[in-house]
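Undergrad: starting from these lines, generate the structure:
(chains A and B)
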Protein chains: 2
Amino acid sequence: MRLRNKPWAQEYIQAHPEVVIANPEARKGKWHEEFGNSNPVHVEVGTGKGQFVIGMAQQNPHINYIGIELYDSVIVVALEKVLEQEALPNLRLLNVNGKDLTEYFEKGDIHQVYLNFSDPWPKTRHAKRRLTHANFLTLYRDLMPEGGEVHFKTDNRGLFEYSLISTTDFGMQLKLVSLDLHAEEPEENVRTEYEEKFAAKGQPIYRLEAKFK
Amino acid sequence: MRLRNKPWAQEYIQAHPEVVIANPEARKGKWHEEFGNSNPVHVEVGTGKGQFVIGMAQQNPHINYIGIELYDSVIVVALEKVLEQEALPNLRLLNVNGKDLTEYFEKGDIHQVYLNFSDPWPKTRHAKRRLTHANFLTLYRDLMPEGGEVHFKTDNRGLFEYSLISTTDFGMQLKLVSLDLHAEEPEENVRTEYEEKFAAKGQPIYRLEAKFK
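TA: Got it, this is the predicted structure:
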């Protein structure tokens, strides 16, 4: 993603702690207090400009969503979108690094992880940075109850091939594989900003759902 | 595959028992005698008109190949191709049904199975007929030494999605997944007749290698 420097971003983010949680370490193990209910929590790692997580929160009011995004110049766009909507009591954003999840969540805090159009890191020496690398799968598993799921979509063929092998080598069960999501697009599919661009070019979108055993 | 009735096929096949084995039941457990060596045996189930298995036999003289094809009007085309080549001592054809493999092979007789552009049987009620169904995987596994592999390619998206789930649910390890084989076609790839047609249309060819654990 092209990043523009937005000096006003941090200030704007800090002015809206009701959406972008200011002190997420303090919520560890207590996310039900933050949301005021005990509904399951689904986390999108790399939430970008927020279209997916906002759409999901609107579609599924009985699930709590947390969108995690490292770059403040990007998450600020998601924040603007949230503020344009009707209030979404089941959505929060975190301006943190996905690899530090254990600082903000403990075992059982997360019920499902979404990864959408993650950075492919195509060079073999960068494989550990891919969000479907075994190290990341370990991280997600250790924060979920048994049977937690990872739902992943991408237009990147190499990353998808890698992820099929990586998730199954990890012992996860493939519940669903789609090699052309838009050929028979499920009604409940929420498109990301990227997804709409790629779909318009006629490139296939790949999707999988994998479950920890 | 469109089948034309060829009344002369059976006669022609029976005239060439050096290629299309006449009494394969008798070879069970003794394929090394048939080939005159103890090289590994790779079997293509559904060998069609034979281009793949002939190409593989030419490319890999130290591997024995057996192409299995049910329809005599189809295998006869493969037979004609074999007879047009230089002698291929490492290739045989069997005019039998793949689901009856245990009549012709016993544990350890087969080292690798190839499935190429198998019938997709798209209806759920026909899933058991797909050559990557658990029942067929059980059949292959029970004829192989430990660590045997299934190599599969197809242009059929639904069948490939199914096969990724079926092989991994069976506990097989995905060694390789390609979602567009011809995008970076390996030098050693031998194309089937179908594969050439589909490739010309620009449709992706999917491929996987899965290993029994």
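Undergrad: contacts, neighbours, all on C-alpha from now
TA: OK.
Undergrad: so which bits of the helix or strand bottoming out on mean pLDDT in chain A are buried?
TA: For chain A, counting by mean pLDDT, DSSP states H and E, helix A:193-200 ranks last in confidence among helices and strands (a mean of 87). For helix A:193-200, the neighbour count (16 or more other Cα atoms under 10 Å in any protein chain shown) marks A:194-195, A:199 as buried.
Undergrad: cool, stretch A:176-186 as well?
TA: Buried residues in stretch A:176-186, counted by 16+ other Cα under 10 Å: A:177-182.
Undergrad: again, but for stretch A:79-98
TA: Buried residues in stretch A:79-98, defined by neighbour count with 16+ other Cα under 10 Å: A:79, A:82, A:88-96, A:98.
Undergrad: mind checking which helix or strand A:L139 is in?
TA: Mapping A:L139 onto the secondary structure by DSSP states H and E places it in helix A:134-141.
Undergrad: can you pull the residues of chain A lying near chain B?
TA: Where chain A comes near chain B, counting by Cα under 8 Å from any Cα of the partner chain, the residues are A:157, A:161-162, A:164-165, A:168-169, A:173-179.
Undergrad: would you mind checking those residues for buried ones?
TA: The neighbour-count test (16+ other Cα under 10 Å) marks A:157, A:161-162, A:164-165, A:168-169, A:173-174, A:177-179 as buried among the residues of chain A next to chain B.
Undergrad: on the strand side of things, show who the most centrally placed residue in chain A bridges to.
TA: Taking Cα atoms, centre = their mean, the centroid of chain A lies closest to A:E44, which sits 1.5 Å from it. Beta bridges link A:E44 to A:G67, A:Y114, judged by DSSP bridges.
Undergrad: ok, it - contacts?
TA: Residues in contact with A:E44, defined by Cα atoms under 8 Å, 6 or more residues apart in numbering or on different chains, are A:53, A:65-68, A:113-116.
Undergrad: just put the residues you listed in JSON lines and tack on pLDDT and neighbour count.
TA: JSON lines is the format used below for the contacts of A:E44 (pLDDT from 0 to 100; neighbours: other Cα atoms under 10 Å in any protein chain shown):
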{"residue": "A:V53", "pLDDT": "98", "neighbour count": "28"}
{"residue": "A:Y65", "pLDDT": "98", "neighbour count": "28"}
{"residue": "A:I66", "pLDDT": "98", "neighbour count": "25"}
{"residue": "A:G67", "pLDDT": "98", "neighbour count": "26"}
{"residue": "A:I68", "pLDDT": "98", "neighbour count": "24"}
{"residue": "A:V113", "pLDDT": "98", "neighbour count": "23"}
{"residue": "A:Y114", "pLDDT": "98", "neighbour count": "19"}
{"residue": "A:L115", "pLDDT": "98", "neighbour count": "19"}
{"residue": "A:N116", "pLDDT": "98", "neighbour count": "23"}
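Undergrad: of these, just say which sits nearest to chain B.
TA: Ranking the contacts of A:E44 by separation from chain B, with Cα to the nearest Cα as the measure, puts A:N116 on top at 18.6 Å.
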